[in-house]
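[1] all I have is the shape, not the residue letters:
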């Protein structure tokens with residue numbers, strides 16, 4: 001905190017962006033101590049909750065180990081309250097964030113704004129100009145393989161898609177070799193990766209840290225499959241979706 005206060009006093013910022021909205025209260029406190037009147041903007045890139053079809057608020061299982069989910073939700077709400085502007089990436093995220101804020105006593109007023117994720121214009125295609133490929137179509141699954149992402153449902157879908165021989169799937173290995181500590185917390189990515197790797201018609205791919213290779217893998221797909229994680233209201237559910245990112 002002392003280092004943050006010193007930084008604010010030296011730089012005198014007009015705006016501070018909290019990439020993790022939960023950090024906004026600490027940033028606000030440091031600005032007050034530094035005597036700097038700057039706007040605090042929070043970016044809600046990951047919502048620790050979702051809403052069921054019946055309107056019930058459900059905590060994200062990835063953040064609810066040993067009942068921590070309620071504390072995470074309250075920290076998220078505290079961040080919203082400390083911000084002058086709140087950025088979300090889709091209309092669904094906006095409605096969910098507004099509803100969650102209201103349930104925790106936070107009035108967002110007019111400070112909530114939708115800022116979609118950036119798009120690579122080289123990958124954007126006009127739907128009217130897309131034609132069905134001759135022969136096999138290549139699909140892409142470019143998401144983490146955690147259990148709470150609905151990977152078991154994707155694996156079942158993958159087997160059905162490749163069974164007819166007209167579809168091949170590329171699954172991105174976004175983790176590589178994880179530490180024993182990470183595996184001990186949640187071994188589901190390794191288990192799902194093994195299941196997918198032995199499925200005929202499914203190829204496991206890695207960009208190996210090469211952004212050009214990553215771009216080429218994305219560009220080579222005819223369609224993409226979104227994750228089945230309930231708390232995933234990103235561009236895949238908005239009108240600004242990238243064609244390769246959504247079903």
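    Here it is on my side, so go on. The model shown is predicted, which means the values in this text are computed figures rather than measured ones. Residues are numbered from 1 along each chain as shown.

[2] run through the neighbouring helices and strands of whichever strand or helix holds residue 203.
    Assigned by DSSP states H and E, residue 203 belongs to strand 202-205. Here strand 202-205 touches strand 167-172, helix 188-197, going by 3 or more C-beta pairs under 8 Å, 6 or more residues apart in numbering; DSSP states H and E. In short, each C-beta sits where N, CA and C put it, glycine included.

[3] out of the ones you listed, which is the most enclosed?
    strand 167-172 (a mean of 20; mean count of other C-beta atoms under 10 Å).

[4] ok, now how distant is the closest residue to residue 203 other than its chain neighbours from residue 221?
    In this structure, residue 203 finds its nearest non-sequential neighbour in residue 170, 5.1 Å apart by C-beta to C-beta, 6 or more residues apart in numbering. Residue 170 sits 7 Å away from residue 221, going by C-beta to C-beta, to the nearest Å.

[5] which neighbours do these two share?
    138, 139, 140 (C-beta atoms under 8 Å, 6 or more residues apart in numbering).

[6] for burial, what's the neighbour tally of the last one?
    Residue 140: 21 surrounding residues under other C-beta atoms under 10 Å.

[7] do the one 4 residues further on as well
    Residue 144 sits with 16 neighbouring residues when counted by other C-beta under 10 Å.

[8] and it, its phi and psi?
    phi -70, psi 150 (degrees, to the nearest 10).

[9] what's the answer for residue 140, then?
    phi -130, psi 130.

[10] related to what we said a few turns ago, check what pLDDT the residue nearest to residue 203 gets.
    Residue 170 is assigned 96 on the pLDDT scale.

[11] then residue 152?
    pLDDT at residue 152 comes out at 95.

[12] the protein: strands as residue ranges?
    Per DSSP state E, the chain carries strands over the ranges 15-18, 39-43, 49-51, 57-59, 85-88, 112-114, 137-141, 167-172, 202-205, 223-224.

[13] so can I have JSON lines of these showing distance to residue 30?
    Shown next, in JSON lines, are the strands of the chain (distance: least, C-beta to C-beta, whole Å):
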{"stretch": "strand 15-18", "distance to residue 30": "9"}
{"stretch": "strand 39-43", "distance to residue 30": "10"}
{"stretch": "strand 49-51", "distance to residue 30": "27"}
{"stretch": "strand 57-59", "distance to residue 30": "29"}
{"stretch": "strand 85-88", "distance to residue 30": "18"}
{"stretch": "strand 112-114", "distance to residue 30": "24"}
{"stretch": "strand 137-141", "distance to residue 30": "41"}
{"stretch": "strand 167-172", "distance to residue 30": "38"}
{"stretch": "strand 202-205", "distance to residue 30": "43"}
{"stretch": "strand 223-224", "distance to residue 30": "41"}
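
[14] pick the most deeply packed of those.
    strand 85-88 (a mean of 23).

[15] for it, give the mean pLDDT please.
    96.

[16] helices or strands next to that strand in the packing?
    Using 3+ C-beta pairs under 8 Å, 6+ apart, strand 85-88 sits against strand 39-43, helix 91-103, strand 112-114.
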